[in-house]
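Colleague: Have a look at this prediction, sequence included:
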Amino acid sequence: MGEEAEELRPSSDSAAEVKETISDGGNSWPAVQYDVAPYRTYHVFQQFRTADSNPNNFLKGVKWSPDGSCLLTCSDDNTLPIFSLPYNESGSLDGSATMPDSANVVVREGESVYDYCWYPYMSASNPDLCVLATSTKDHPIHLWDSNSGQLRCTYRAYDAMDEITAAFSIGFNPNGNKIFAGYNKTIRVFDVHRPGRDFEQYSTLSGKKEGQSGIISSIAFSPTDSGMLAAGSYSQTTAIYREDNMELLYVLHGQEGGVTQVQFSKDGNYLYTGGRKDPYVLCWDIRKTVDIVYKLYRSSETTNQRIQFDIEPLGRYLGTGGQDGLVHIYDLQTGEWVSSFQAALDTVNGFAFHPFLPMAATSSGHRRFAGLVDDSQENNPLNGHENCLSAWSFYSSTADDAANTDFGN
């Protein structure tokens, strides 16, 4: 595989198209009824029943593509299946059709996947921009073509012994020209257009051992032009940095478990963090970081799994999964619970709102140890509501119009 990467700079027309689509979606967003349980639009589970190769395979998460055209999932069998939503001949989403039982594309990694993310300007109308990045155990960062599943290039970091070291978390900056990767007490920054072993390295600890210790487990960027990024650590801390020079601004303490996800509010003034074996998503006001604003409950007290949460496009509501198979919706203005719905019969580890439609996706599953169950469980395989992927549609004032929204090309 050659190390020359195709240039991933979107044309001015493509970038304008993405921004215009999101802007139009925001302006025409219907009055969504989050206090009413959504209905299941699409459902897939056969893809994840790999009894022969990996009888204990399970889903680990789900993410919408930035253009909303497909779903990226991650499984314990080291694969990342990609599912395209069904469209009719006019290019509009077909709510009456079903998603195929098998993925359109499957990206295959060699080891356990630590993290994965879409290129922020990904657009199905421009094949050059249809890429995603992954980080896996004992491997460099890989950049994959989401249309073919082929490897485009790699970004390699080396330790003091000149051996490849894997990133535990990755994220594209808002401009899409850099990849920020989290390591043990270190963040490395790669230029997207220069694959190979060239990178900038920043320690998260100062000479006096002040700063952020531990493995950097999650990275998120402010959606505004503030130039800030948040990094979560398994040391139960979250730190805010400047993107341009990685200057440490402040460190947040309060998570009961190692931080597994960080996400900014849409206006960039608040930060939400969640951890493993921690039943709360914490809300922080980054303008005054002394106290936690409020806590949002979810069932995750006894699992080391990453339990994803997400904020809907207008920034008013947050949804999160849990071990109990429920998805909880919270009002971010008040921090109060709004509703819940049963998304699966096992752990809902992935939840993601659609970028501009009143829809959401969930993934469910957890590790099951063969040989440690009784005969009755062994003779009863998983049903369709365990270890599954689902897309949900929320009721709204203009639900029919939303279901027929044209994605554009």
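Modeller: Looks like it came in fine.

Colleague: my read: residue 180 touches residue 174, true?
Modeller: No: with contact defined as C-beta atoms under 8 Å, residue 180 does not reach residue 174; the gap is 11.0 Å. (Each C-beta comes from the backbone N, C-alpha and C, glycine too.)

Colleague: what's around residue 365, how many residues?
Modeller: 27 (other C-beta atoms under 10 Å).

Colleague: no, scratch that, I was asking about residue 137
Modeller: Neighbour number of residue 137 under other C-beta under 10 Å is 13.

Colleague: can you give me the strands in the stretch 51-200 of the chain?
Modeller: Applying DSSP state E, counting those that start in this stretch to the stretch 51-200 of the chain gives strands spanning 59-64, 70-75, 79-84, 105-108, 113-118, 131-136, 141-145, 151-155, 169-172, 178-183, 186-191, 200-203.

Colleague: buried residues in the third one?
Modeller: Residues of strand 79-84 classed as buried: 79-84 (neighbour count, 16 or more other C-beta atoms under 10 Å).

Colleague: can you check stretch 325-333 too?
Modeller: Applying 16+ other C-beta under 10 Å to stretch 325-333 flags 325-332 as buried.

Colleague: where's the nearest residue to residue 186 once chain neighbours are set aside relative to residue 246, distance?
Modeller: Counting by C-beta to C-beta, 6 or more residues apart in numbering, the nearest residue to residue 186 once its immediate chain neighbours are dropped is residue 203, at 5.8 Å. With distances taken as C-beta to C-beta, to the nearest Å, residue 203 is found 9 Å from residue 246.

Colleague: What of residue 31?
Modeller: Relative to residue 246, and taking C-beta to C-beta, residue 31 is found at 42 Å.

Colleague: which residues does residue 188 contact?
Modeller: 157, 167, 180-181, 199-202 (C-beta atoms under 8 Å, 6 or more residues apart in numbering).

Colleague: List buried residues within the residues you listed.
Modeller: Using 16+ other C-beta under 10 Å, the buried ones in the contacts of residue 188 are 157, 167, 180-181, 199.

Colleague: residues in contact with the closest residue in space to residue 99 that isn't next to it in sequence?
Modeller: Leaving out its chain neighbours, the residue that sits closest to residue 99 by C-beta to C-beta, 6+ apart is residue 42, at 4.3 Å. With contact taken as C-beta under 8 Å, 6+ apart, residue 42 is in contact with 85-86, 98-99, 390-391.

Colleague: which stretch of helix or strand covers residue 42?
Modeller: strand 39-44 (DSSP states H and E).

Colleague: Nearest to residue 122, out of the buried residues of strand 79-84: which one, please.
Modeller: Closest approach between these and residue 122, by C-beta to C-beta: residue 82, at 11.2 Å.

Colleague: what's around residue 32, how many residues?
Modeller: 25.

Colleague: repeat for residue 355
Modeller: 18.

Colleague: sorry, back to before: for the strands of the stretch 51-200 of the chain, please prepare JSON lines with the additional fields mean pLDDT.
Modeller: JSON lines is the format used below for the strands of the stretch 51-200 of the chain (pLDDT from 0 to 100):
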{"stretch": "strand 59-64", "mean pLDDT": "94"}
{"stretch": "strand 70-75", "mean pLDDT": "94"}
{"stretch": "strand 79-84", "mean pLDDT": "94"}
{"stretch": "strand 105-108", "mean pLDDT": "95"}
{"stretch": "strand 113-118", "mean pLDDT": "97"}
{"stretch": "strand 131-136", "mean pLDDT": "97"}
{"stretch": "strand 141-145", "mean pLDDT": "98"}
{"stretch": "strand 151-155", "mean pLDDT": "97"}
{"stretch": "strand 169-172", "mean pLDDT": "98"}
{"stretch": "strand 178-183", "mean pLDDT": "98"}
{"stretch": "strand 186-191", "mean pLDDT": "97"}
{"stretch": "strand 200-203", "mean pLDDT": "95"}
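
Colleague: Any chance of those in CSV with distance to residue 277 as columns?
Modeller: CSV is the format used below for the strands of the stretch 51-200 of the chain (distance: least, C-beta to C-beta, whole Å):
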stretch, distance to residue 277
strand 59-64, 17
strand 70-75, 21
strand 79-84, 26
strand 105-108, 29
strand 113-118, 18
strand 131-136, 23
strand 141-145, 28
strand 151-155, 31
strand 169-172, 18
strand 178-183, 20
strand 186-191, 25
strand 200-203, 27
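
Colleague: Could you give the bridge partners of residue 396?
Modeller: residue 32 (DSSP bridges).

Colleague: Would you agree it is in contact with residue 36?
Modeller: No: look at residue 396 against residue 36 with C-beta under 8 Å: they stay out of range, at 9.6 Å.

Colleague: who has more neighbours, these two?
Modeller: residue 396 (19 against 13).

Colleague: How confident was the prediction at the more buried one?
Modeller: Residue 396 is assigned a predicted lDDT (pLDDT) of 84.

Colleague: Can you tell me the closest non-neighbouring residue to residue 144?
Modeller: residue 107 (5.0 Å).
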